[in-house]
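Asker: this is a predicted model, with the sequence first.
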Amino acid sequence: MKNSNFHQETKAIHAADGADKDSRPLSTPIFQTATFEVKAIEEQLKAAATDSFYTRYGNPNFTACETTLAALELAEAALVFSSGMAAITNSVLAVVQAGDHVIAQSDLYGTTYKFFTQWLPRYGIEITFIETNNLDEVKKALRPNTKLLYLETPTNPILKLVDLKAMAAWAKTKSIITIVDNTFNSPINLQPLPLGIDVVVHSATKYLCGHADLVCGAVASSADFIRKIYGVRSTLGSIMDAHAAWLLLRGMRSLPIRIERVNQNALRIAEFLQHHKSIKKVYYPFLASHPQYELAMTQMKGGGGIVTFEIKGSEEQACKIVNSLKLFAIAPSLGGLESLVTMPALTTHFEISKEERMRIGVSDQLIRLAIGIENVEDLIADLEQALNK
């Protein structure tokens with residue numbers, strides 16, 4: 001597909017289309033092979049630079065996914081990985097080396113935080129954590145050897161936002177690379193690259209896949225930076241399986257329409273919860289009560305599928321609400337067709353001390369919903385019956 005002016009719904013379906021032919025498969029075939037043959041040995045070197053040489057270096061199924069994601073993120077190029085953490089670690093390792101310094105948010109995804117605190121220091125890389133959206137703190141954390149600013153927006157599970165345009169503008173004046181985890185938004189709700197961000201990473205397991213049946217990751221950036229990350233990926237071998245890439249492409253083809261439905265459902269549910277007598281506080285970027293509502297309205301095209309709320313009662317009562325839900329499956333993760341529920345204090349943040357959890361707003365009464373595409377009236381009715389218990 002050559003026309004870059006198409007809308008995202010069209011890009012999601014047609015960005016990976018090949019050259020026009022009289023007859024070709026409507027669905028991209030699965031290239032389930034470790035290696036590719038050539039007709040003559042002289043062709044071997046040429047093939048090494050393509051996606052038809054050896055699958056650790058590339059595969060036509062990878063290319064189809066990468067072409068689609070690049071189109072959706074308005075990027076020059078993209079790469080897919082075996083997991084979201086593989087995408088994150090490969091991207092970071094493409095930027096920093098021993099003696100470098102990284103500035104990162106304090107409320108990162110748990111395994112990302114673990115990578116920064118337990119792994120990077122082993123290789124002589126220093127980390128300074130800052131408050132999510134405090135540019136002054138970022139400026140104070142600057143050192144002569146600062147090479148990377150790592151961000152997430154919205155944060156998990158309190159849904160704090162980061163002003164990406166402001167952060168990126170400052171980082172560019174200091175020649176600092178910026179990486180943003182865009183998993184919670186997907187490129188349908190937010191495209192960080194046009195705001196000045198250098199690299200976008202995804203746990204493609206979530207919204208990009210959309211079916212809760214695949215673990216994978218993805219990165220989008222400039223062609224030059226993707227080449228750097230490609231060098232790390234081909235060396236460390238954190239690549240997808242061809243069939244997994246085929247499943248990811250299937251998921252991305254329906255991404256725009258799924259996100260549209262998720263946005264609608266989540267906003268309706270957030271509004272319902274906000275007026276329920278049992279609820280103390282609701283966190284959702286597109287509620288006017290959100291402290292960064294104006295930033296959300298200017299930076300995001302939709303509020304996303306995560307709704308977090310705190311009840312007025314005890315942890316025991318919060319558990320009872322969760323256990324009483326019938327349509328919401330009790331499970332971690334997000335981004336699938338079905339709605340999920342979890343309690344961050346008992347799952348994503350259970351390894352963090354209660355004092356630290358309370359500091360960032362993760363109380364024992366906090367419940368996180370990952371909204372799916374079911375009928376919203378059914379979801380609200382399920383929440384209402386559980387809350388009334």
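Answerer: The structure has been received and is ready for your questions.

Asker: burial of V262, as a residue count?
Answerer: Neighbourhood size, V262 [other CB atoms under 10 Å]: 28. No exception for glycine: its C-beta is placed from N, CA and C like everyone else's.

Asker: cool, H202 as well?
Answerer: H202: 31 neighbours (other CB under 10 Å).

Asker: same check on the one 5 residues further on?
Answerer: Counted with other CB under 10 Å, the neighbours of Y207 add up to 27.

Asker: so it sits in a helix?
Answerer: No - if the criterion is DSSP: H, G, I helix; E, B strand; the rest coil, then Y207 is coil and not within a helix.

Asker: contact partners for it?
Answerer: T183, S186, I188, L255, R258, I259, V262, G305, L334, G335 (CB atoms under 8 Å, 6 or more residues apart in numbering).

Asker: could you redo the last one with a cut-off of 10 Å?
Answerer: Y207 makes contact with 182-189, 251-252, 255, 258-259, 262, 304-305, 334-336, according to CB atoms under 10 Å, 6 or more residues apart in numbering.

Asker: next: P121.
Answerer: Taking CB under 10 Å, 6+ apart as the test, what P121 contacts is I127.

Asker: which helix in the protein has the most residues?
Answerer: Assignment by DSSP state H gives helix 255-274 as the longest helix of the chain.

Asker: tell me which strands and helices it is in contact with?
Answerer: helix 8-14, helix 60-73, helix 186-189, strand 279-283, strand 306-311, strand 366-370, helix 376-388 (3 or more CB pairs under 10 Å, 6 or more residues apart in numbering; DSSP states H and E).

Asker: the helix or strand containing E137: which residues count as buried?
Answerer: Per DSSP states H and E, E137 falls inside helix 135-141. Across helix 135-141, burial judged by 16 or more other CB atoms under 10 Å covers V138, A141.

Asker: give me the contact list for that helix.
Answerer: For helix 135-141, the surrounding residues in contact (CB under 10 Å, 6+ apart) are 101-106, 127-131, 134, 146, 149, 151, 162-163, 166-167, 169-171, 174, 176.

Asker: distance check, the residue lying farthest from the centre of the chain against K46.
Answerer: No residue in the chain sits farther from the centre than A40, which is 42.5 Å out by CA atoms, centre = their mean. Counting by CB to CB, to the nearest Å, the separation of A40 from K46 is 10 Å.

Asker: avg pLDDT for the helix holding E137?
Answerer: Regarding helix 135-141, the rounded mean pLDDT is 94.

Asker: following that helix, which helix or strand comes up?
Answerer: strand 146-152.

Asker: the helix or strand following that following strand to strand 146-152, inter-axis angle?
Answerer: Beyond strand 146-152 on the C-terminal side, the first helix or strand identified by DSSP H and E is helix 164-173. Compare the direction of helix 164-173 with that of strand 146-152 by axes from the mean of the first three to the mean of the last three CA atoms, to 10 degrees and you get 170 degrees.
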